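Colleague: Quick check, what structure comes out for this input:
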Amino acid sequence: MKPPQRVGEVISANSNSFVAQSYQLYCAPAIGQFVRAGSPAIYGVVCQVRTEPLDPSRPVLARGEYAATEEEIYRDNPQISRLLTSRFETLIVGHQAEELFYQHLPPLPPRVHSFVHTCSPDEVSVFAENLDFLHLLIRAGAAASDEVIGACVIAASAASSDRQAVMVRAGRVLATELSGDLPRINAILRRITA
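Modeller: You can find the predicted model right below:
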């Protein structure tokens, strides 16, 4: 697993989520990955990744009609990497204060220009000992699709020394939170056990 690394900066934030711009094109963290921003740390789960023009008034145009490979397009058009950006949206699932982790929304979102880091497996393992943060993801609506929830549970279990225990605890939380929505529970469970 990758050690934590700085992957971007917060460019907008609200009480529930923040958007960060990646430093490198196509190097945003994956959906479901845990990240942290600011100090004291605010933790979140990546729910959307997009690559788009830096300047919305300059739409992306196809450039590969005569290119044999995608790499050739970038080699012949080096300006592309300076005209595009990768951004990722993160749902806030907790924060840290005085060495303690809290799995509820922080009093304030991260500041704009806060650095965003991926979380180390140890950080994820400690944070995900308690899966109360799943409540925030489930209640986030469309932003936290079942795919995001499933990917997040997979990331949490992969960071744990007891993967199976995390999966069982996640199943219990999902069963409680979604007790009236059996098709949704089944869809998420199929995603995390695939």
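
Colleague: ranges for the strands of the protein?
Modeller: 6-13, 17-22, 34-37, 42-53, 84-97, 100-102, 115-118 (DSSP state E).

Colleague: which parts of the shortest one are buried?
Modeller: Going by neighbour count (16 or more other CB atoms under 10 Å), the buried part of strand 100-102 is F101, Y102. Backbone N, C-alpha and C define where each C-beta goes, glycine included.

Colleague: Check the first one too.
Modeller: Within strand 6-13, the residues that count as buried by 16+ other CB under 10 Å are V7, G8, E9, V10, A13.

Colleague: same thing with stretch 13-30?
Modeller: A13, N16, S17, F18, V19, A20, Q21, S22, Y23, A28, P29.

Colleague: Kindly state the beta-bridge partners for the third one.
Modeller: Listed beta-bridge partners, S17: L91 (assigned using DSSP bridges).

Colleague: Against G32, how distant is it?
Modeller: 15 Å (CB to CB, to the nearest Å).

Colleague: And for the second one?
Modeller: According to CB to CB, N16 and G32 sit 17 Å apart.

Colleague: Would you tell me which of the strands of the chain gets closest to R172?
Modeller: Taking CB to CB as the measure, the strands of the chain were each checked against R172, and strand 84-97 came out nearest at 17.8 Å.

Colleague: orientation of the closest one relative to strand 42-53 in degrees?
Modeller: Angular relation of strand 84-97 and strand 42-53 on a 0 to 180 degree scale: 170 degrees, by axes from the mean of the first three to the mean of the last three CA atoms, to 10 degrees.
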